[in-house]
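Asker: Got a predicted structure plus its sequence, pasted below:
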Amino acid sequence: MHKLTIIIVLTFLICFKGISAQSNKLTKCSLTKILDQKEKQYESLCIEMSKAQWNYYSDGKTDQLPVAKKRLNKFLNDKDFTSLILESYSLRKTLDNKILARRLELWRNVLIGAKVNFSEEIVELQTVLENHLVNTEEQKSVSPASLKELTLELIKLRNKKAKEAGYNNYVEMMLEITGLGKESFDKLVNSLEQLSNEKYLELVKQYKVKSNVKVFTFGDARKMFVKYYQASLIPKIPTEIRDSLIIETFSNIGLDFSSLPISIKQRNMEGAIQGQGIAVKIPKDFRIVTDNDVSFCDLLHEYGHAIHRTNFKGSSPLLKGYEWCTGNVNNSFAEGIGDLFSNITKSAAWLLKYSNLTKEEVDQNNSLIDEYKAVYIRFQIITFLLEYELYYNPDKDILDIQNELVKKYLLVEEPVKRTMNIATPLIVSYPIYAHNYLIADIVSNYIHNELLRKYGIRYTFNKDMVHYIIETYIAEGEYQSTEKLKIIIDDLEEYITKN
Ligand SMILES: [Zn+2]
């Protein structure tokens with residue numbers, strides 16, 4: 001009965017929206033066929049975009065980007081196709097074909113994302129700001145106050161466009177189309193806050209006594225965070241052994257490095273970006289560009305992305321996970337797979353074999369990480385909430401937002417005095433993305449604990465490991481990313497207690 005409804009709706013749409021010219025043959029047209037054809041076109045436009053992005057990141061050449069963006073935008077700005085997807089989307093839960101249902105969900109996300117993020121006004125203002133941020137000459141010509149104003153203008157514009165697309169604001173739209181949703185996001189932040197509360201209170205109490213501090217400041221909280229950060233850093237790997245150690249690290253888990261279709265380039269990268277992995281053509285062409293000083297862990301993280309995308313075994317181009325349109329990829333899960341591979345270096349067995357740390361030192365670092373995890377979680381939360389609150393309250397004083405958050409999450413007892421800079425590449429170019437890094441840590445932690453239980457303490461030396469990861473988390477691409485993520489974030493207890 002449900003299937004019948006879908007056929008009727010689709011036939012209606014196809015007939016009246018002109019997707020096929022011959023109405024007498026329309027009943028034979030299946031949604032799958034339409035999507036197959038659309039996805040082929042979508043993929044070739046994504047590949048064009050990937051190549052343009054690669055030229056930008058690897059060589060600084062921007063000339064191909066505008067055309068690639070324009071073509072992708074034009075393709076996605078198709079009213080008939082959007083109507084078809086929105087109508088079919090509402091019936092997706094009645095479909096027996098779960099892959100088709102997921103494709104509808106992703107198509108809907110991509111089309112909404114494109115409508116907002118590719119809208120002319122947003123692209124124009126964002127480009128102006130990006131030019132100011134990357135071009136040092138232009139930077140001199142604009143005052144920090146005007147940059148702040150322009151960023152606030154962009155934030156308001158994004159809210160306006162999100163409202164036009166049917167959402168309360170831009171944060172809610174971005175959270176929904178990237179797979180998490182506002183409700184799950186809020187629930188996650190609350191759970192993390194509550195689960196880390198007791199430990200954090202105790203740490204602040206201890207710190208105040210130990211450091212003879214009466215009024216706990218943001219600077220004090222930062223000192224506690226540094227403890228976590230230092231304990232989680234692995235000793236520096238000498239550049240001359242870096243490549244051979246990567247090959248060996250992968251070989252230990254059963255991955256033949258030479259079989260991966262990956263090319264890598266090194267250059268002096270500007271700003272905070274250490275590396276950029278680009279899936280040019282999935283699954284056969286992945287390229288990585290890194291800064292000359294890239295850390296071993298950051299490099300492994302990019303290889304993690306490469307393993308993720310080059311082991312896709314499905315056929316739908318949309319499920320491959322091209323990253324150029326918001327909504328196509330569950331970013332929290334994707335960053336989690338990156339971290340899953342970089343965190344191999346945090347396992348005790350790996351550290352004991354490849355670093356000069358003794359067992360006592362490894363144990364000591366691990367207990368420090370456990371001890372200060374609550375601090376790490378709360379710093380991550382305020383990092384992304386500072387940005388997201390700007391969308392909820394674009395007219396509010398930024399310093400007030402900062403102070404409310406540091407008081408609530410870091411228990412800071414004295415207001416901070418310096419207003420944060422909001423004209424940053426993260427806020428301008430990667431909006432509503434920062435929470436993905438905290439969730440990535442949760443995803444990686446969850447899978448590491450699962451592997452530890454499955455293969456024992458030397459799991460990072462088990463040759464079946466990569467096969468298990470590929471089959472369980474990677475091969476189906478974006479088909480299961482959101483479903484897997486939901487299972488993982490519903491099970492936080494272990495994340496708080498066991499690193
Ligand atoms: Zn990443």
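Answerer: Nice, thanks for sending it over. Since this is a predicted model, take the numbers as computed values, not measurements.
Asker: May I see the buried residues of the helix or strand harbouring K69?
Answerer: Taking DSSP states H and E as the criterion, the element that holds K69 is helix 65-76. By 16 or more other C-beta atoms under 10 Å, the buried positions in helix 65-76 come out as A68, K69, L72, N73, F75, L76. Every C-beta, even on glycine, is put in place using the N, C-alpha and C of the backbone.
Asker: What's the local residue count around the residue nearest to the third one when sequence neighbours are not counted?
Answerer: Nearest residue to L72, sequence neighbours excluded (C-beta to C-beta, 6 or more residues apart in numbering): L45, at 4.7 Å. When counting by other C-beta atoms under 10 Å, one arrives at 21 neighbours for L45.
Asker: Who are the contact partners of L45?
Answerer: Contacts for L45 (C-beta atoms under 8 Å, 6 or more residues apart in numbering) come out as A68, R71, L72, F75.
Asker: now with 7 Å?
Answerer: By C-beta atoms under 7 Å, 6 or more residues apart in numbering, L45 lies in contact with R71, L72, F75.
Asker: now the helix holding K69: how far from the chain's centre is it?
Answerer: Relative to its parent chain, helix 65-76 has a centroid offset of 22 Å by C-alpha atoms, centre = their mean, to the nearest Å.
Asker: One more: stretch 418-430?
Answerer: Relative to the chain's own centre, stretch 418-430 is displaced by 17 Å; criterion: C-alpha atoms, centre = their mean.
Asker: which SSE is the closest residue to L357 other than its chain neighbours in?
Answerer: Using C-beta to C-beta, 6+ apart and skipping residues adjacent in sequence, the residue nearest L357 is L351, 5.5 Å away. In the assignment (DSSP H and E), L351 maps to helix 348-354.
Asker: got the buried residues for that helix?
Answerer: By 16+ other C-beta under 10 Å, the buried positions in helix 348-354 come out as A348, A349, W350, L351, Y354.
Asker: And stretch 483-499, by the same measure?
Answerer: K484, L485, I488, I489, L492, Y495, I496, N499.
Asker: Which residues does that stretch contact?
Answerer: Contacts of stretch 483-499 with the rest of the structure, by C-beta under 7 Å, 6+ apart, involve 179, 188, 191-192, 195-196, 330, 332-333, 366, 369-370, 373, 439, 442-443, 445-446, 449, 473.
Asker: do stretch 198-210 as well
Answerer: The contact list for stretch 198-210, computed with C-beta under 7 Å, 6+ apart, reads V213, F216, D220, M224, A374, V375, R378, L411.
Asker: average pLDDT across it?
Answerer: Average pLDDT, stretch 198-210: 97.
Asker: can you tell me which residues contact whatever residue of the stretch 251-400 of the chain ends up closest to the ion?
Answerer: Across the stretch 251-400 of the chain, the shortest distance to the ion (C-beta to the ion) belongs to G338, at 4.1 Å. Neighbour list for G338: H301, G304, H305, A440 [criterion: C-beta under 7 Å, 6+ apart].
Asker: Please identify the helix or strand for it.
Answerer: For G338, the host element (DSSP H and E) is helix 331-342.
Asker: so what's A306 closest to, chain neighbours aside?
Answerer: Per C-beta to C-beta, 6+ apart, closest to A306 is F286, 4.4 Å.
Asker: whoops, E48 was the one
Answerer: A68 (4.9 Å).
Asker: Would you map the helices across the stretch 1-150 of the chain?
Answerer: 2-17, 31-59, 65-76, 79-89, 98-117, 120-134, 136-141, 144-164 (DSSP state H, counting those that start in this stretch).
Asker: wait, the stretch 301-450 of the chain
Answerer: For the stretch 301-450 of the chain, the helices defined by DSSP H, counting those that start in this stretch occupy 317-320, 331-342, 348-354, 359-392, 398-410, 425-429, 435-455.
Asker: okay, these, which one's buried deepest?
Answerer: helix 331-342 (a mean of 25; mean count of other C-beta atoms under 10 Å).
Asker: List the contacts of the residue nearest to E48.
Answerer: Per C-beta under 7 Å, 6+ apart, neighbours of A68: E48, M49, A52.
Asker: how about low-confidence regions in the chain?
Answerer: Per-residue confidence for the chain (pLDDT under 70) gives these ranges: 1-29, 136-140, 270-272, 498-499.
Asker: can you do 50?
Answerer: Applying pLDDT under 50 to the chain flags the ranges 1-28.
Asker: ok, now which ones touch the residue in the stretch 351-499 of the chain positioned nearest to the ion?
Answerer: Closest contact between the stretch 351-499 of the chain and the ion, by C-beta to the ion, is at A440 (7.5 Å). Taking C-beta under 7 Å, 6+ apart as the criterion, A440 is in contact with S332, E335, G336, G338, D339.
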